[in-house]
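Novice: Got a predicted structure here, sequence first:
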There are 2 protein chains.
Amino acid sequence: MKTCQVIFQPSGRRGESPEGTTVLEASRMLGVGIESVCGGKKSCGKCKIRIDPGSVDQHGIHSQPNHLSPFTEAEGKILEKNEQAQGIRLACAASIQGDVLIFVPEENRTGAQVIRKEAGEKEIRLNPAVRLFTVTLSPPELDDPQADYERLVAALAERYGLPRPEIDYPALLDLGGALRKGNWTVTAALRLEKEILAVFPGEVEEAYGLAVDVGSTTVAGYLCSLHAGRIVGTESFMNPQITFGDDVIARISYVMDNPDGMDKMRGCIIDGLNHLIRNVTRNHGLAPADILEVTIVGNTVMHHLLLGIDPRALGFSPFTPAIHRSLDIKARDLGLKANPAANVHILPIIAGFVGADNVGVLIAEEPYRRDEMTLIIDVGTNGEMLLGNREKLLSASCATGPALEGAHIRFGMRAAPGAIERIRIDPETLEASFKIIGEERWRPEFRITGALGICGSGIIGGVAELYRAGVIDQSGRFRTGLATPRLLTTDGKPEYVIAWPDETSLARPITISQQDIRSVQLAKGALYAGAKLMMKKLGIEKLDRVVLAGAFGSYIDKTEAMFLGMFPDCDIDHVSSVGNAAGDGARIALLDRDKRLEAEEMARRVKYLELTLEKEFQEEFMAAMFIPHMKDSFPHLPPPGKS
Amino acid sequence: MKTCQVIFQPSGRRGESPEGTTVLEASRMLGVGIESVCGGKKSCGKCKIRIDPGSVDQHGIHSQPNHLSPFTEAEGKILEKNEQAQGIRLACAASIQGDVLIFVPEENRTGAQVIRKEAGEKEIRLNPAVRLFTVTLSPPELDDPQADYERLVAALAERYGLPRPEIDYPALLDLGGALRKGNWTVTAALRLEKEILAVFPGEVEEAYGLAVDVGSTTVAGYLCSLHAGRIVGTESFMNPQITFGDDVIARISYVMDNPDGMDKMRGCIIDGLNHLIRNVTRNHGLAPADILEVTIVGNTVMHHLLLGIDPRALGFSPFTPAIHRSLDIKARDLGLKANPAANVHILPIIAGFVGADNVGVLIAEEPYRRDEMTLIIDVGTNGEMLLGNREKLLSASCATGPALEGAHIRFGMRAAPGAIERIRIDPETLEASFKIIGEERWRPEFRITGALGICGSGIIGGVAELYRAGVIDQSGRFRTGLATPRLLTTDGKPEYVIAWPDETSLARPITISQQDIRSVQLAKGALYAGAKLMMKKLGIEKLDRVVLAGAFGSYIDKTEAMFLGMFPDCDIDHVSSVGNAAGDGARIALLDRDKRLEAEEMARRVKYLELTLEKEFQEEFMAAMFIPHMKDSFPHLPPPGKS
């Protein structure tokens, strides 16, 4: 039987499927979640997937529409004409006829991503840019025929002492209707007490804002009450740009090689954000127009691609961004379907590869208020680091790839229900146990549903445990001659079984391969080497504190991360895992406008170290690929084999 | 033979046509100019006309597609699918089968409108909001990797001492490309020295702006050099909204009666302005994106409809506008296809029916700088008046209808080549002579082409001459028993022949009918009555100065206007005709930003008199319908019969 290469995007999950398998069946074998309500009966229309003609995977797999079976009558009944034109198919109706690259739209994926740490521990001072003011006006009369706007402004001045605010155009269009519908009582939403963004009939008590962290791999949005300051809802999705390239360099290349590359990249992230806005508002009984302010963080390339700024200058020395300072752009200008008058505040960026996300981390963690020398690692597809204290601040960036976010490793998946998030390996028996997201206890003792894959924290912990248990050596290679059935050899290459077929929903084992271990080593080696060079630059021998941040940061076990050698030695009690600090920064900027000024000032104060220009980088990187390191000592690390 | 009622819009020309006549033939019989290059051979596609299903003329004529002959194969070859869907036909192919209302798109009309007075006499201080700054930057290097924007801002500060301007989003998108294309020399266009609107590669010396006067009947645009201050080009078109109603009240009604009325009204004026922008820039070797600033004046209803603000509150007491103050809106927000970053400055409005056009007149004429009591009449479909001096200022408005702009009178047309603009009638022989636009000498001695119709100044002058020669009496009625072949009786109604068939291009005489005379009387009576009540309000016996303004103002003969009784008696040497003063005001605001502040201040100082609430208005109006007036004396008027 002929088998075909199948790759699912944006997850990057790949595998072989027998010819004739439906796309839905293949997705299940590979642990890719596609919605299906009717169970493959071609009636619910939930399992839509898309073939983008001509798109090419990094391994050269082309997306050919004719590598799927011909369009069926059943699909003709369910899919709209424009969907058909876009290459959309039903996964239960289309079967695989050749190598194929398949895109699963966000809304047709099962399992929303879990971002546990919904509320940061930090106290955020509540001082939002947008506030509500309710006033009652005297209706116009013949001897007082003043215009609506002037009448509103007079009432705002009288009741709140506000000096004559401007009015944004969309609000002006709604003004007359709102005044009359509210019987001359209205609530005006003002930005910085200077601009009327919206006018609602009657009395309204709550205004909403959205803080967004646009990562290369994961995009997270936090819907916040601007009045109470709390998080009302959280939504996330995988950055659909991953179809065009795993990391920032690949995406810059895509723009350079494709005339419509910029439009596609910008289009899909804006579509994704609009989908998020629709979902997160609908799930909480709100409308997109209720969002009156948006803050955005993201690395420099994400920042440029979101705005539609040509990123190619970021691809070559001297890696010049278009702008450092923060931006305030109307939602309507960006194409964001929040309130059209909403201001979108995009945090400043530091350098070509140290972006607004890192500025978010900066204002969330505030290393500049401390005496201790703190290393902050924002773990992501683009690893960004900050080192410093109140005296000095240095930033750097290194390409780690998406492995640490669970993407593009063999059984990798994002942090969603069904993902293995923690792994333990017994050094005596070499047996594995694991815990999956959505369950409280550890496998194999406890089990409800099968595992679907391994997320970022799982792969970091898994590699650390493989080393600690002696399954792999310091160089990351599997040891030979170990007496365990978990070590398989497939196509001459060793892999370690984390979950047996009956523990998974895939009907085959979930393993960690030599290639997966290499991906993790490359990523952690880059982070470690970067940290070393930064310490050298600032003349520091020893770290006082380490902060691990990232969209999934709260899942990383700090001891496992240190075992793996993600950063130089530090007292483990002074290492902390803070979750999505970049997202926290976006939320802080949303809720406290003064923090925006702080961000601007700090972004200017931070010095930037271009690691690729440092002569020792390659050498440090090679040494740091070892677990935990080729030669550096870790006095604070417990000896291997003890947990 | 059956004849059908045919009405052409936006000119309002109407007449009977035999069934089976092509639309092109009918247009020629009625003196409506429709382009035709192939001469009716159905090959050039220039003679496009449109039938808007369901639109209704004031006389109840419906626009029924089936009142034209069926769609032909020849049209199928020339017209695009979307044109067909919009009801577009070729005038040479479609023949008339019933009463029909036909819209002739601007681009398919012959004869561009003539606006003679291209440059006002006024000296305008040159101090535009938008200025150009050329700088050369040092290219970024690895030890100076500053971002493009910060680099530009530093160069602007160094060379011109400009404090850190903001950058508008579209300019940010172009910044990197412009810097690299210009080899690090660029010209930045800044608004108020505070905001970068555009960045051009290399050195650019000239920036452009557009001043627009949106009248109920005529829209005029002046493309100006912001550097030299001169007018580069002028374009005008008939306001396509006239299809939905002749005057502001009719258009408000249309919005109230039609759910999509607002969108249609706004859509067609924005389309018209975009067409004007394309033409006026192309004709001068420029692109729409070269327009970096736009100023707009218009009456309050035009102002609201252009912005998309629901105008219905303007239709009822207390006639409340949405806003008085001036507005600054980005061209992209308005849908104007100038430079997307261009600011559109809309001048303030005074009251429900005294709009930004009158504010334009105010800053152009500056009555507030004089001791003499000045009456300014802005003659248009909506007649707006100002009375005052440096002590006090009063404004008022009256609906005059479009007759004084040559629309909706029997042989009326706009001021375009072929229009009769001056008429003289010999009191002895009762013979007429006339002058048409585009020719230097008077008929009948001199003739190149036939006359097509009578424009606004022609109809005003014609009625005045009919009275002065004794053809009509003080009440406007034709006298009986006059010995002249020029007085015809058609359907029992008298009309006076201005041009015999062989002097026209219509193969029939051009006449002034009793109905035409009534329309002029109604318009001039309203203006006169308004002026009288304003004088009474300010306690004034006598006018020191009169200024006649309007899109075609320079054509009105001041003596004829006084003979007709358009305004109370005044020394004729102190009456002047200033042309399009509202358009001058828009141009002044474009070229001198300080005048915008003056406009804002003066708009607040002007008091408004609601004429419809004045008890004496009806009585004054009735008396003022007489020529020149029922009882008022005109000591400064020469006796009738002397020219």
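Specialist: Looks like it arrived, so ask away.

Novice: from here on, contacts and neighbour counts on C-alpha atoms
Specialist: Will do.

Novice: Give the helix, strand or coil label for residue A:43.
Specialist: Secondary structure state of residue A:43, per DSSP: H, G, I helix; E, B strand; the rest coil, is coil.

Novice: Now it, what are its backbone angles?
Specialist: Torsion angles at residue A:43 (phi, psi; degrees, to the nearest 10) stand at phi -120, psi -30.

Novice: For it, give me its contacts.
Specialist: Neighbouring residues of residue A:43 by C-alpha atoms under 8 Å, 6 or more residues apart in numbering or on different chains: A:74, A:78.

Novice: Quick check: it vs residue A:78, distance?
Specialist: 8 Å (C-alpha to C-alpha, to the nearest Å).

Novice: What of residue A:66?
Specialist: For residue A:66, the distance to residue A:78 - C-alpha to C-alpha - is 20 Å.

Novice: Leaving out the residues flanking it, which one is nearest to residue A:167?
Specialist: Nearest residue to residue A:167, sequence neighbours excluded (C-alpha to C-alpha, 6 or more residues apart in numbering or on different chains): residue A:196, at 4.5 Å.

Novice: was I right about residue A:401 contacting residue A:250?
Specialist: No. Taking contacts as C-alpha atoms under 8 Å, residue A:401 lies outside contact range of residue A:250: 10.4 Å.

Novice: which of the two has more neighbours?
Specialist: Between residue A:401 and residue A:250, counting by other C-alpha atoms under 10 Å in any protein chain shown, residue A:401 is the more crowded of the two (23 against 15).

Novice: which non-adjacent residue is nearest the more buried one?
Specialist: That would be residue A:381: by C-alpha to C-alpha, 6+ apart, it lies 4.6 Å from residue A:401.

Novice: distance of residue A:94 from residue A:40?
Specialist: Look at residue A:94 and residue A:40: by C-alpha to C-alpha, they are 11 Å apart.

Novice: try residue A:619
Specialist: 53 Å.

Novice: Those two: which is more packed in?
Specialist: residue A:40 (19 against 10).

Novice: Give me the nearest residue to the more buried one, chain neighbours excluded.
Specialist: Leaving aside its sequence neighbours, residue A:40 sits nearest to residue A:92 (C-alpha to C-alpha, 6+ apart; 5.0 Å).

Novice: Who are the contact partners of that neighbour?
Specialist: A:22-25, A:40-42, A:47.

Novice: Can you give me the distance of it to residue A:53?
Specialist: Residue A:92 is 20 Å from residue A:53, by C-alpha to C-alpha.

Novice: now residue A:149
Specialist: 52 Å.

Novice: out of those two, which sits in the busier spot?
Specialist: The residue with more neighbours, out of residue A:149 and residue A:53, is residue A:149; 21 against 14, by other C-alpha under 10 Å.

Novice: The more buried one - nearest residue in space that isn't next to it in sequence?
Specialist: Per C-alpha to C-alpha, 6+ apart, closest to residue A:149 is residue B:323, 5.0 Å.

Novice: burial measure for that neighbour, as a count.
Specialist: Residue B:323 has 25 neighbours, counted by other C-alpha under 10 Å.

Novice: pLDDT at it, what is it?
Specialist: On pLDDT, residue B:323 comes in at 97.

Novice: what residue ranges in the stretch 101-250 of chain A score low on pLDDT?
Specialist: A:107, A:110-122 (pLDDT under 70).
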